[in-house]
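K.L.:
Got a predicted model here, sequence first, then my questions.
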Amino acid sequence: MKLSDLIAVLPGCRVKGRTDIEVTGISLDSRTVRQGYLFAALPGSRSDGNEYVDEARQRGAIAILSQKDISDGGRATYLVVDEGRSALARISDRYYGSPSKEIEVIGITGTNGKTTVAYLVRDILNHAGEKAALIGTIEYLIGERSIPAERTTPEPPALQAMMREAVREGCGWLVMEVSSHALAQHRVDCVDFDMAVFTNLGRDHLDFHGDSEGYFNAKASLFALPSLRCSVVNLDDPFGRKLIGMSKAPVFTYGLGEGAAVRGIEIERRGGGSRCTVLVGQERRELMLPLMGRHNVYNALAAAAVGCCAGIRADVIVSTLAGARPVPGRLEEVACDRPYRVFIDYAHTDDALENVLRTVREGCRGRVILVFGCGGDRDVTKRLPMGRVAARLADSAIITSDNPRRENPLEIIAEIAKGFIAEGKKCLQIPDRREAITEALAQAKEGDVVLVAGKGHERTQELGSTIVPFCDRDVVMELLKQR
């Protein structure tokens, strides 16, 4: 595509250089630039893309998108804009031919539950005879391809490329997890969302958004899009009720309380799941959900509400949910030939940790032994609350490293431990995650449950500036074999 065609969607762009040149790709990462690419030199949280312009040019970049009014003597064409991220979204959409206009896009946002809801919705659509792609925290599923996810919501060039691929693969639907970062950073600008889903709002990402209001407003922006045909909202969440008056589209609610369009009643634990009655308008359906916990009942109701809005029959929705498979790293039980049980989970907020601890407690004949930590370079305000939840709900707790990144792991652990002090409880502090898991398994006796929380599906650990292989599931299985 000609650079002049991309510039056409950037009103106010100041151009320095030729525009009659062919652009063969778009990238924010200088390491992935190839001949003919446009390189977006944008400021990031750790570095400024303008520092890598020389490298990008050496790799073949013919155009540079920047917020800085600079040039390099004509070696590349410079596109100078006031807001680089929104400009990147617009040119990415243009380059890939606005694929979201050719596919039904469902955006799912909220603090907890996004991933499980996304998988359940995709399954419902597929079982109804539709073909759905998925973009989320664990993986990107397009046709027969599974691509490991680098982030929950990709940057615009990758996102638009995957949407175009989904269209080529004949997908009529795209189910997408939409993070608050993605909304604030304009990653999903120009995406024509047909449906928006809100699960809940808890404490998370306050390091980025500043406060709870900023966090909520970022998520609420998804519901202000003019392209929406329907908004699906958790009526039991106070922020969900607030969203009802803010949505630009008709609202379809779900929950356990009176007034929800899709409502769950008569909930009881059954084996490794829950039995409940689902009310959809005048229809009443019995559901045996094979996913543990009250929070998963909410996830199932959210998916059912989306299915209703998509025009799928209630019997298809309920039969799909009855056959739901556990999502990787979400209260996932590790195969264990011991008299105790072991679960891994992604819980990394205080309310998510409380949900999974209460869930495993329900089926536990002995003690609940918890291993968890908090990520470094992230929201510090949730550390003490997570410590307090663990102190109240776990019988034995081991605080360890999550992804400490550039922070001192001992300082992170000390901040979590303040929650135990506040509750008058004790805990073990073992910074090495493998050693912490080893200790938890050594403590476990008949009837106990070991819960390893925080990383879930992740297969690496970030230590300083180094990323090392580490998967909780694999480590647990290895240690069990050794024992």
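P.N.:
Structure's in. What do you need?

K.L.:
Going by C-alpha atoms from here, please, whenever you check contacts or count neighbours.
P.N.:
Fine.

K.L.:
per-domain residue ranges of the chain.
P.N.:
3-95, 99-322, 332-482 (automatic domain parsing).

K.L.:
would you list those domains in a markdown table and tack on mean pLDDT?
P.N.:
Converted to a markdown table, these look like this (pLDDT from 0 to 100):
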| stretch | mean pLDDT |
| --- | --- |
| domain 3-95 | 92 |
| domain 99-322 | 93 |
| domain 332-482 | 95 |
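
K.L.:
For the ones you listed, give me TSV that also has mean neighbour count.
P.N.:
Output for those, formatted as TSV (neighbours: other C-alpha atoms under 10 Å):
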stretch	mean neighbour count
domain 3-95	19
domain 99-322	20
domain 332-482	19
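
K.L.:
Could you double-check that E458 sits in contact with C471?
P.N.:
Yes - using C-alpha atoms under 8 Å, E458 is in contact with C471, at 6.1 Å.

K.L.:
which stretches of the stretch 1-150 of the chain form helices?
P.N.:
Secondary structure of the stretch 1-150 of the chain (DSSP state H, counting those that start in this stretch): helices at 3-7, 53-58, 84-95, 114-127.

K.L.:
Now do the second one: distance to the chain's middle.
P.N.:
Taking the mean of its C-alpha atoms, helix 53-58 sits 32 Å from the chain's own mean (C-alpha atoms, centre = their mean, to the nearest Å).

K.L.:
Outside of it itself, list whatever touches it.
P.N.:
Helix 53-58 is contacted from outside by 30-31, 33, 39, 41, 64, 76, using C-alpha atoms under 8 Å, 6 or more residues apart in numbering.

K.L.:
Now with 6 Å, please.
P.N.:
30, 33 (C-alpha atoms under 6 Å, 6 or more residues apart in numbering).

K.L.:
In PDB, list the C-alpha atoms belonging to it.
P.N.:
Provided in PDB are the C-alpha atoms of helix 53-58 (Å, rounded to 0.1, in the frame of the first residue of the first chain):
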ATOM      1  CA  VAL A  53      15.000   4.800  14.700                       C
ATOM      2  CA  ASP A  54      18.500   4.100  13.400                       C
ATOM      3  CA  GLU A  55      18.200   0.400  13.900                       C
ATOM      4  CA  ALA A  56      14.800   0.400  12.200                       C
ATOM      5  CA  ARG A  57      16.200   2.300   9.200                       C
ATOM      6  CA  GLN A  58      19.100  -0.100   9.000                       C
END
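
K.L.:
Could you tell me which other helices and strands the host helix or strand of V297 packs against?
P.N.:
Following DSSP states H and E, one finds V297 within helix 294-309. Using 3 or more C-alpha pairs under 6 Å, 6 or more residues apart in numbering; DSSP states H and E, the elements in contact with helix 294-309 are helix 114-127.

K.L.:
so which of the helices of the stretch 1-150 of the chain comes closest to G172?
P.N.:
Comparing these by their distance to G172 (C-alpha to C-alpha), the top pick is helix 114-127, with 9.6 Å.

K.L.:
distance between that closest one and the chain's centre?
P.N.:
Distance, centroid of helix 114-127 to centroid of chain: 14 Å (C-alpha atoms, centre = their mean).

K.L.:
and for that helix, what are the contacting residues?
P.N.:
So helix 114-127 is contacted by 108, 132, 299, 303, 317, 320 (C-alpha under 6 Å, 6+ apart).

K.L.:
residues touching S247, list them.
P.N.:
By C-alpha under 6 Å, 6+ apart, the residues touching S247 are 223-224.

K.L.:
Would you check how far apart it and V356 are?
P.N.:
31 Å (C-alpha to C-alpha, to the nearest Å).

K.L.:
what's the answer for V389, then?
P.N.:
For V389, the distance to V356 - C-alpha to C-alpha - is 11 Å.
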